[in-house]
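Colleague: Model the structure of this input:
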Amino acid sequence: MVNNDDLDDRTRFMTILANLLGCQGIDEFRTMIPHMREQGGGRIIQIFSYGGQVAYPGNSLYHASKFGIEGFVESVVQEVAPFNIQATIIEPGGARTEFRYGSAHVTNLMPEYDDTPTHAFLKKLGPANRLAEGDPDKMAARIIETLDQDPAPLHVVLGSQARQATINRFTERLNEYKGQADLAASTDIKE
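Modeller: Next up is the predicted model:
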């Protein structure tokens, strides 16, 4: 996948549909929550990506759908807490799996983006480049270990690179917000 400008309407729609509503998205919660309410509680493990916290050029629709799921889960967790239902969003970084080196879909590229960060992302997908640091077996073990944590952590980042990128982005975002105190207050109604 590359940026939104490179994608036709069907690909844009299918990307959002698969990532936001698909088997690991909103529909999963819709299916599980009634059963968990009936049984008096439960735990949902939502495996996504740290791409729901940190965005890179060349993946705008992927990130849009992942950010959407993050917001959805953060809201739903508050809604279902009275029923003893908890959820954890697993946010893995790159892992040495077939996805990165085989099934990742790249669209027809627009030459206008050839020498930009948008197409530079493609270098990561080639097996000749630096291998992803994540060990899928270790990641699976850490996910299973979270099942014993109560209360459930809402977010679990897997992989040192993913964790550091997430911390860096949150720090940038927090500093940006802190610098806007006067701007924000200037829109308040003073009575």
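Colleague: which SS class is Thr88?
Modeller: State at Thr88, reduced to three classes by DSSP: H, G, I helix; E, B strand; the rest coil: strand.
Colleague: What of the one 3 residues further on?
Modeller: Using three-state DSSP as the criterion, the local structure at Glu91 reads strand.
Colleague: That one and Gln161, how far apart?
Modeller: Note on Glu91: its distance to Gln161, by Cβ to Cβ, to the nearest Å, is 12 Å. No exception for glycine: its C-beta is placed from N, CA and C like everyone else's.
Colleague: Which one's more surrounded, the two?
Modeller: Remark: of Glu91 and Gln161, Glu91 carries more neighbours, 24 against 14, as counted by other Cβ atoms under 10 Å.
Colleague: how far away is that one from Phe29?
Modeller: Counting by Cβ to Cβ, the gap from Glu91 to Phe29 is 17 Å.
Colleague: the bottom helix or strand of this structure by mean pLDDT?
Modeller: helix 98 (a mean of 62; mean pLDDT, DSSP states H and E).
Colleague: got a pLDDT number for Thr187?
Modeller: Thr187 is assigned 96 on the pLDDT scale.
Colleague: Next: Met14.
Modeller: Looking at Met14, the pLDDT reads 78.
Colleague: tell me the contacts of the spatially most central residue of the chain?
Modeller: For the chain, Gly52 is the residue whose C-alpha lies nearest the centre (Cα atoms, centre = their mean; 2.5 Å). Counting by Cβ atoms under 8 Å, 6 or more residues apart in numbering, Gly52 touches His63, Lys66, Phe67, Ile69, Glu70, Ile89, Glu91.
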